[in-house]
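**Q** Structure of the sequence below:
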Amino acid sequence: MPMSSSVLVNRNEALDILDSLREALPTQLTRADEVLSDASLVFDDAQAQAEEIIASARQRAAQLVSEQQVVRDAQAQARQIIEHAQESASALMTNANDYCDRRLADFEIDLRKLLTQVQAGRTKLAQRLDDTQG
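**A** This is a model prediction of the structure:
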């Protein structure tokens with residue numbers, strides 16, 4: 001209506017528009033449900049992958065910690081083996097030095113006896129020379 005705030009709408013056109021909207025609305029709602037369902041599946045898949053990655057990372061971290069513990073244990077065992085070897089080497093060296101010292105002392109005793117015998121023999125020989133010359 002001209003010069004008024006009222007609007008005239010063709011009833012048939014309005015009903016046709018409403019029917020079109022009613023027909024389109026369920027299709028659009030169905031499509032929206034499909035999109036939401038697809039999005040939910042993608043989200044669930046992504047979340048499952050994320051959980052697998054996190055589980056794998058935790059397992060790898062635990063493995064690395066375990067390997068580090070094995071390395072630390074091996075290093076500690078290696079230190080103990082080295083210390084034992086050094087102690088054994090030191091004991092062997094001490095025993096070898098003691099053995100050599102005992103053997104040298106025995107040789108010294110034998111040499112002194114031999115020296116005493118040589119000196120006694122020379123003294124007797126010198127006496128005989130004096131007796132024969134004199």
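**Q** Show me where this protein dips below the pLDDT cut-off.
**A** 1-4, 7, 22, 24, 26, 29, 134 (pLDDT under 70).
**Q** For it, which residue occupies the most central location?
**A** The structure's the chain has its C-alpha centroid closest to Q68; by CA atoms, centre = their mean the separation is 2.5 Å.
**Q** Can you give me the distance of it to L111?
**A** Q68 sits 63 Å away from L111, going by CB to CB, to the nearest Å. The C-beta positions use only the backbone N, C-alpha and C, and glycine is treated the same way.
**Q** got it, and Y99?
**A** Y99 sits 18 Å away from L111, going by CB to CB.
**Q** just E87 next, same as before
**A** Counting by CB to CB, the gap from E87 to L111 is 36 Å.
**Q** How about Q119?
**A** 12 Å.
**Q** Also L129?
**A** L129 sits at a distance of 26 Å from L111 (criterion: CB to CB).
**Q** Over to L64?
**A** As judged by CB to CB, L64 and L111 stand 69 Å apart.
**Q** With G121 instead?
**A** In this view, G121 and L111 are 15 Å apart by CB to CB.
**Q** ditto for E23
**A** Going from E23 to L111 by CB to CB gives 130 Å.
**Q** burial of T123, as a residue count?
**A** T123 has 10 neighbouring residues, counting by other CB atoms under 10 Å.
**Q** How about the backbone phi and psi for it?
**A** phi -60, psi -40 (degrees, to the nearest 10).
**Q** From T27, how far off is Q47?
**A** 30 Å.
**Q** any idea where the strands of this protein begin and end?
**A** Here the chain has no strands by DSSP state E.
**Q** for it, what spans make up the helices?
**A** For the chain, applying DSSP state H gives helices covering 11-133.
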